[in-house]
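Asks: any chance you can model this:
(2 chains)
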Amino acid sequence: MNVKETVEIAMTAGEILLCSGSEIYRVEDTITRICSAYDIECEAFVMPTGIFISGKSISNPIDTISLIKRIKKRTIDLHCIELINTFSRGISLNPLTYSEAIKQLNAIKKPPYFKLMGRLIAAAITAFAYCILFKGNIADGITAAGISALIYYLKDVINKAGFTQFFEYLASGLIAGGISLIAARLFPVLHMNEIIIGAIMILVPGVTITNGIRDALHGDLVASIARLGEALFIVTAVGAGVGFTLAIGMNWM
Amino acid sequence: MNLMDIVMAFLGSYCPAILFNIERKNLIWAGLCGALGWVVYSSLYKYTNNTVLSVMLASITISLYGELMARQLKTPATVFYIPSIFPLVPGISAYDTVLFISQNKLDEAMYKAVDTIATAGAIAFGIMLVSTIFHYINKKQNSN
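Replies: Numbering: from 1, shown residues only, chains lettered A, B, ... in the order given. Alright, predicted model coming up:
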């Protein structure tokens, strides 16, 4: 197998990992491990928004290549991370041919998802659970669950319509704030703040902030700043959306 | 501490794990890990009244569990601790910071911002501590 094919395989594996929200050091480790399985010396530089790899054949030092890949979409998909982990461990024990490896990677790109209904229910139960944990009552929890499922669904729709991420979160914040405000006015048993907290639990970037700091502790400073910046924009969008509806509600109702 | 909170913490890790598309056979272990972390956090918080210390010990517990389960089930430890730190991560504090800024309550916003950074730092530090130790043990075992 030549350098180009190997680096391509390593790049695809790294791309899947990064798009699934893996840590930076894991992406770099995987790329290096795949390349060294095929006796290729490589240097990988990974950022949350792109991957740079350059590889050199050990047996034939003239044979070199560099590849760059821009990463635009990042979600958290733990199943993909697990599959790529198995793939890279397998390849370092027993190197596959190019076509075989590409076939396996293409299969990993489409992992089995839970059905939309299942994910909506999960979003609803998440909101319910956190509403209760933050001292809301059962009625608050049920309202938050409804709002959360609605937000999860609409976020999918907005995402497919091709708006920016910022707008997606701003709209979600507006919806969460608006519905909670109206619900709390109509039914005085409900507590507005607890409902909002439950409903936006699936939006706020707590895990991203923590991963950002973890990247910094690993020494990936650029990646850490990028992740923390992303988290800052998301939380600003959500907070601005909710804050806007609250400001209107306090003054005009 | 009551049973209801533990059940809610279990659901609060189990359901985000579905949203993070974890493999089905690992779901229940991720949920249990989240509940365990919450038990450690809330019981320590009750006695010490110190968020950062309790969160850090909870995250050490979670990552110990995660690393041990990862060895048992041959999966990366991340699969377990991303959903299980979900009840502890400072998402809501970060949101509160922005909300207070938008309401011009800057003192409270400052307080929440520091809380956010401290909590996230404590969780990250706890995970790093355990994963570094396990990394070292794995290296030792492989070289022998």
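Asks: rest of the way, CA atoms for contacts and neighbours
Replies: OK.
Asks: what's the next secondary structure element after the host helix or strand of residue B:100?
Replies: If you go by DSSP states H and E, residue B:100 is part of helix B:91-102. Beyond helix B:91-102 on the C-terminal side, the first helix or strand identified by DSSP H and E is helix B:106-143.
Asks: quick check: mean pLDDT of the helix holding residue B:100?
Replies: Mean pLDDT, computed over helix B:91-102, is 91.
Asks: show me what that helix is packed up against.
Replies: With contacts taken as 3 or more C-alpha pairs under 8 Å, 6 or more residues apart in numbering or on different chains; DSSP states H and E, helix B:91-102 sits against helix A:206-218, helix A:221-252, helix B:106-143.
Asks: mind listing residues that contact that helix?
Replies: The contact list for helix B:91-102, computed with C-alpha atoms under 8 Å, 6 or more residues apart in numbering or on different chains, reads A:197, A:201, A:204-207, A:235-236, A:238-240, A:242-243, B:106, B:108-110, B:112-113, B:115-116.
Asks: that helix: how far from the chain's middle?
Replies: Averaging C-alpha positions (C-alpha atoms, centre = their mean, to the nearest Å) puts helix B:91-102 20 Å from its chain's average.
Asks: for chain A, what's the nearest residue on chain B?
Replies: At 3.8 Å from chain A, residue B:91 is the closest residue in chain B, using C-alpha to the nearest C-alpha.
Asks: got a list of what the residue nearest the centre of chain B touches?
Replies: Computing the C-alpha centroid of chain B and ranking residues by C-alpha atoms, centre = their mean puts residue B:85 first, at 2.3 Å. Residues near residue B:85 by C-alpha under 8 Å, 6+ apart: A:207, B:13, B:34, B:37, B:59, B:62, B:123.
Asks: hmm, try it at 10 Å
Replies: Counting by C-alpha atoms under 10 Å, 6 or more residues apart in numbering or on different chains, residue B:85 touches A:206-207, A:210, B:12-13, B:30, B:33-35, B:37-38, B:55, B:58-59, B:62-63, B:123-124, B:127.
Asks: one more: residue A:171?
Replies: Going by C-alpha under 10 Å, 6+ apart, the list of residues near residue A:171 reads A:151, A:154-155, A:158, A:177, A:237-238, A:240-242.
Asks: make CSV out of the residues you listed and add neighbour count, distance to chain B and pLDDT.
Replies: Formatted as CSV, the contacts of residue A:171 follow (neighbours: other C-alpha atoms under 10 Å in any protein chain shown; distance: C-alpha to the nearest C-alpha, whole Å; pLDDT from 0 to 100):
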residue, neighbour count, distance to chain B, pLDDT
A:151, 26, 13, 92
A:154, 16, 15, 89
A:155, 19, 13, 85
A:158, 17, 18, 85
A:177, 29, 11, 90
A:237, 25, 9, 93
A:238, 30, 7, 93
A:240, 22, 7, 91
A:241, 23, 9, 91
A:242, 28, 8, 92
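Asks: list the buried residues for stretch A:162-177?
Replies: Neighbour-count burial for stretch A:162-177 flags A:165-177 (criterion: 16 or more other C-alpha atoms under 10 Å in any protein chain shown).
Asks: just those: which are in helices?
Replies: A:165-177 (DSSP state H).
Asks: for chain B, state which of those residues is nearest.
Replies: Using C-alpha to the nearest C-alpha, those come closest to chain B at residue A:173, 10.4 Å.
Asks: what's the spacing between the closest one and residue A:150?
Replies: Separation of residue A:173 from residue A:150 (C-alpha to C-alpha, to the nearest Å): 12 Å.
Asks: equivalent analysis for residue B:131, please.
Replies: In terms of C-alpha to C-alpha, residue B:131 sits 38 Å off from residue A:150.
Asks: got it, and residue A:185?
Replies: Note on residue A:185: its distance to residue A:150, by C-alpha to C-alpha, is 20 Å.
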